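**Q** Okay, structure incoming, though there's no sequence with it:
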């Protein structure tokens, strides 16, 4: 197969450390079943289906349309686990549609952030956010993923793969979250919307607002400014910049916020 065609077929958002293993297992099962049935009639045709199907699953993550919508529900009823540990503690932003300066202005005007020589979370908003996160942390991964999907400003479904939570949008938008970030995201959007912010703006704001977190959304322990090297094992997994500054939990080492890289950093 020509390399150009292979590149066009690849879907990195569904493979590598973002691969959904329930989706992969289900698709491979379907490929083997169809290849076997067809192979009884036309052996060579069955072989072609098997090779083409497994290649597509390897390159794209799945071949059956809308797999993320139904695979998790099927896999959750099977007596085996398809979970896989992530290769790094990184989460995707749920949504970035607002220009940072305008977003800051909206949050200041709404009283979510207050300025007193520096920027701080409004104490009342912070208390509401903390209470919402405390309530969510008692729930299962599946319930937290569903809460984050419900909070999203677009139609979305959810699934859990290992320790990663996936929010899958109808527009093929996929967002991978760690459990602590999913808790902060779902709780934060709901509280912001309760304060009459547009849900799209709330979804854009919740990621930068995590830099103000003083306790971990999941375990409740204090956070600290650190670096990837100190809290996440250096260049382990998806991180290419071991000195990148982050807000992380002192206890469980969950990364809650990543400071943007400077322009002169590679």
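**A** Yep, it's here. On a predicted model such as this, the values are computed, not experimentally measured, just so you know. Residues are numbered from 1 along each chain as shown.
**Q** any idea how far residue 93 is from residue 40?
**A** 49 Å (C-beta to C-beta, to the nearest Å). Every C-beta, even on glycine, is put in place using the N, C-alpha and C of the backbone.
**Q** Looking at the two, which has the bigger crowd around it?
**A** More neighbours surround residue 93 than the other of residue 93 and residue 40, with 16 against 8 (other C-beta atoms under 10 Å).
**Q** residues contacting that one?
**A** Neighbouring residues of residue 93 by C-beta atoms under 8 Å, 6 or more residues apart in numbering: 175, 207.
**Q** Need the three-state assignment for residue 63.
**A** Assigned by DSSP: H, G, I helix; E, B strand; the rest coil, the conformation of residue 63 is coil.
**Q** Next, find the distance separating the closest residue to it other than its chain neighbours from residue 28.
**A** Counting by C-beta to C-beta, 6 or more residues apart in numbering, residue 56 is the residue found nearest to residue 63 once chain neighbours are left out, at 4.5 Å. Distance of residue 56 to residue 28, given as C-beta to C-beta: 10 Å.
**Q** Residue 166: neighbour count?
**A** The number of residues packed near residue 166 is 25, by other C-beta under 10 Å.
**Q** If you drop the residues flanking it in sequence, what lies closest to it?
**A** Of all residues not flanking residue 166 in the chain, residue 159 sits nearest, at 5.0 Å (C-beta to C-beta, 6+ apart).
**Q** Spell out the secondary structure type for the one you found.
**A** Secondary structure assignment for residue 159 (three-state DSSP): strand.
**Q** mind checking pLDDT for the residue of the chain most remote from its centre?
**A** When each C-alpha in the chain is compared with the mean C-alpha position (C-alpha atoms, centre = their mean), residue 41 comes out farthest, at 43.3 Å. pLDDT, residue 41: 88.
**Q** How about the one 10 residues further on?
**A** Taken from the predicted model, the pLDDT recorded for residue 51 is 91.
**Q** oh, and call the first residue 13 from now on, that's how I've got it
**A** Sure, I'll start numbering at 13, so the last one becomes residue 63.
**Q** Check which residues of stretch 213-226 are buried.
**A** 213-225 (16 or more other C-beta atoms under 10 Å).
**Q** Show the secondary-structure elements that the lengthiest helix in the chain is packed against.
**A** When the chain is parsed with DSSP state H, its longest helix is helix 33-53. Judged by 3 or more C-beta pairs under 8 Å, 6 or more residues apart in numbering; DSSP states H and E, the packing partners of helix 33-53 are helix 55-72, helix 79-87, strand 168-173.
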